[in-house]
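In: Model the following, please.
(chains A and B)
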Amino acid sequence: AQSVTQPDIHITVSEGASLELRCNYSYGATPYLFWYVQSPGQGLQLLLKYFSGDTLVQGIKGFEAEFKRSQSSFNLRKPSVHWSDAAEYFCAVGVVEYGNKLVFGAGTILRVKS
Amino acid sequence: GAVVSQHPSWVICKSGTSVKIECRSLDFQATTMFWYRQFPKQSLMLMATSNEGSKATYEQGVEKDKFLINHASLTLSTLTVTSAHPEDSSFYICSAAGPSYNEQFFGPGTRLTVL
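Out: Below is the predicted model:
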């Protein structure tokens, strides 16, 4: 069965520091991969997605992610975190065989300290 | 483009009543819509998938008779929580995908509180 693991429940970084949020997936075929951000009480905003091609994907708000097939990973990175980046981040894999049903990771809460 | 709205954004109801939540794709035709629920401090769990004009496909453990889903048009899907109870209190989020899309576009969510 498909699954997504985000091993870090909480991460705290200083403003201006770099950030990496980890995501590992389990899926038999080449996955569609997504990173979403959710502020409290809000819906999900798509940060970036990977379908095929270049394994380094650029997204909005200065985020990027790298797909590594050998490690079944799709880690999210940002070189310099801003206080407004504090939110919860979800990694998801799209299951093509089931109409692109999304399987979400448990989420990582990012706290930014000034 | 690809905007999805939900209405209402929040609702409070008494136990035993039914609540309807609407999900609309504003600028594209959504052949498939998805309904998720999210408990506090938890991830999104898919409840059901609906294709326009067809019966919804429910995930294991989701009660079909309690969570009625209708996807009567290419721009509207509704979720009705019937005979709501306090344990149904949650954040419900819909998403929509068109025929040429391989990604979902999410609505802003509906906070349901059952007293």
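In: does chain B sit close to stretch A:34-50?
Out: Yes - part of stretch A:34-50 sits near chain B under the criterion C-beta under 8 Å from any C-beta of the partner chain, namely A:34, A:36, A:41-46, A:49. No exception for glycine: its C-beta is placed from N, CA and C like everyone else's.
In: Quick one: end-to-end length of that stretch, please.
Out: Start and end residues of stretch A:34-50 are separated by 6 Å (C-alpha to C-alpha, to the nearest Å).
In: Stretch B:18-32 too?
Out: Span of stretch B:18-32 from end to end, C-alpha to C-alpha: 24 Å.
In: Which neighbouring residues are in contact with A:Ser73, exactly?
Out: A:22-25, A:66-67 (C-beta atoms under 8 Å, 6 or more residues apart in numbering or on different chains).
In: Excluding covalently adjacent residues, which one is nearest to A:Thr5?
Out: Nearest non-adjacent residue to A:Thr5, counting by C-beta to C-beta, 6 or more residues apart in numbering or on different chains: A:Asn24, 4.6 Å away.
In: Emit the ChimeraX select command for whichever of the residues of stretch A:34-50 next to chain B are buried.
Out: Typed into ChimeraX, the line below selects the buried ones among the residues of stretch A:34-50 next to chain B, using 16 or more other C-beta atoms under 10 Å in any protein chain shown:
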select /A:34,36,43,44,46,49
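In: ok, now how distant is the residue nearest to A:Thr5 from B:Gly107?
Out: Separation of A:Asn24 from B:Gly107 (C-beta to C-beta, to the nearest Å) stands at 28 Å.
In: what's the answer for B:Thr57, then?
Out: Distance from B:Thr57 to B:Gly107, by C-beta to C-beta: 19 Å.
In: State the three-state secondary structure for A:Lys61.
Out: helix (DSSP: H, G, I helix; E, B strand; the rest coil).
In: which residues sit in contact with it?
Out: Neighbours of A:Lys61 in contact, by C-beta under 8 Å, 6+ apart: A:47, A:78, A:85.
In: Pick the one among those residues closest to B:Val4.
Out: For B:Val4, the nearest member of those is A:Leu47. The distance, counting by C-beta to C-beta, is 16.9 Å.
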